[in-house]
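**Q** Got a sequence here, can you model it:
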Amino acid sequence: MYAEDDLLPISALQHLAFCERRCALIHLEGLWDDNVFTVEGQLLHERAHEELVESRRDLRLSRGLRLHSLRLGLVGQADLVEFHRLPDETSPEPCAHGPPGARLPGLPGDWRPYPVEYKRGKPKPDICYEVQLCAQALCLEEMLGASVPAGALYYGQPRRRQEVMLTATLRAHTESLALRLHELIRAGQTPPAEYGKHCRNCSLLELCLPQCASGKRSARRYLRQAMQDALAPEGNA
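**A** Numbering: from 1, shown residues only. Have a look, this model is predicted:
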């Protein structure tokens, strides 16, 4: 169990699953550079958080719900969590990861949580987003004591959902990444760059410089040295 002061952002798991160096550049060195993709993603998330709570007959929508897990040492905010009221005849027998539903204050019956994460663009070939969604589900299970067997990713470009089954394999991978995230932050050292196809769509490409030999050094130190060299008098260059 982690202390509250040691909790790390759920979003960092997505960065870690994509690239350990990217995760370290953002969460250790404090570097960030927006591109058209990150800006569009931010706007999509802002719209997702416009309405905090909405209730319908057998559905309750909670936007911007704060999440945490002391077991995994994670904290974050869900774009959307749907709570679906279960039929009264639903079996009270626990599911694989807890009871099938949770009790909500002031509402009758049991409600099954269903997290929805908003993303711009098209589905990705990797599982970075699935990891982020799974981490949200693991937080909900710990907070509510109810099973969360599935969630969804909503992609802004095709404007449709893609359901994600939170399998045992995905859960184990997410928990492993959470452990690795704490190790990375605790070590305080940025991993060396390894150039790959994924680098071309990374907003930190110009800061990471993965194709340069200097990419093995701290990006922050590299940029500081480059600035000093540029400002140095010609005679001292």
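**Q** Residue 142 contacts residue 73, doesn't it?
**A** No: applying CB atoms under 8 Å as the test, residue 142 and residue 73 come out as separate, 11.4 Å apart. Placement of C-beta: from N, CA and C, glycine included.
**Q** Three-state assignment for residue 134, please.
**A** With DSSP: H, G, I helix; E, B strand; the rest coil as the basis, the three-state label of residue 134 is helix.
**Q** Neighbours of it, how many?
**A** In terms of burial, residue 134 registers 27 neighbours under the definition other CB atoms under 10 Å.
**Q** In space, what's closest to it - neighbours in sequence excluded?
**A** Among residues not flanking residue 134 along the chain, residue 174 sits closest, at 4.3 Å (CB to CB, 6 or more residues apart in numbering).
**Q** can you tell me which residues contact the one you found?
**A** Under the criterion of CB atoms under 8 Å, 6 or more residues apart in numbering, the contact partners of residue 174 comprise 13, 131, 134-135, 138.
**Q** ok, so what distance separates residue 125 from residue 131?
**A** Distance check for residue 125 against residue 131: by CB to CB, to the nearest Å, it reads 14 Å.
**Q** who's more crowded, these two?
**A** residue 131 (23 against 8).
**Q** Only C-alpha atoms, please: export the helix or strand harbouring that one in CSV.
**A** In the assignment (DSSP states H and E), residue 131 maps to helix 128-144. Written as CSV, here are the backbone C-alpha positions of helix 128-144 (Å, rounded to 0.1, in the frame of the first residue of the first chain):
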residue,chain,number,x,y,z
CYS,A,128,-1.3,2.3,-24.3
TYR,A,129,-4.9,3.5,-24.1
GLU,A,130,-6.2,0.1,-22.9
VAL,A,131,-3.6,0.3,-20.1
GLN,A,132,-4.9,3.7,-19.0
LEU,A,133,-8.5,2.5,-19.1
CYS,A,134,-7.6,-0.6,-17.2
ALA,A,135,-5.9,1.4,-14.5
GLN,A,136,-9.1,3.5,-14.1
ALA,A,137,-11.1,0.3,-13.7
LEU,A,138,-8.7,-1.0,-11.1
CYS,A,139,-9.1,2.2,-9.1
LEU,A,140,-12.9,2.0,-9.3
GLU,A,141,-12.8,-1.6,-8.1
GLU,A,142,-10.7,-0.6,-5.1
MET,A,143,-12.8,2.5,-4.3
LEU,A,144,-16.2,0.9,-4.8
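**Q** buried sites along that helix?
**A** 128-144 (16 or more other CB atoms under 10 Å).
**Q** What of stretch 112-125?
**A** Residues of stretch 112-125 classed as buried under the neighbour-count rule (16+ other CB under 10 Å) are 112-120.
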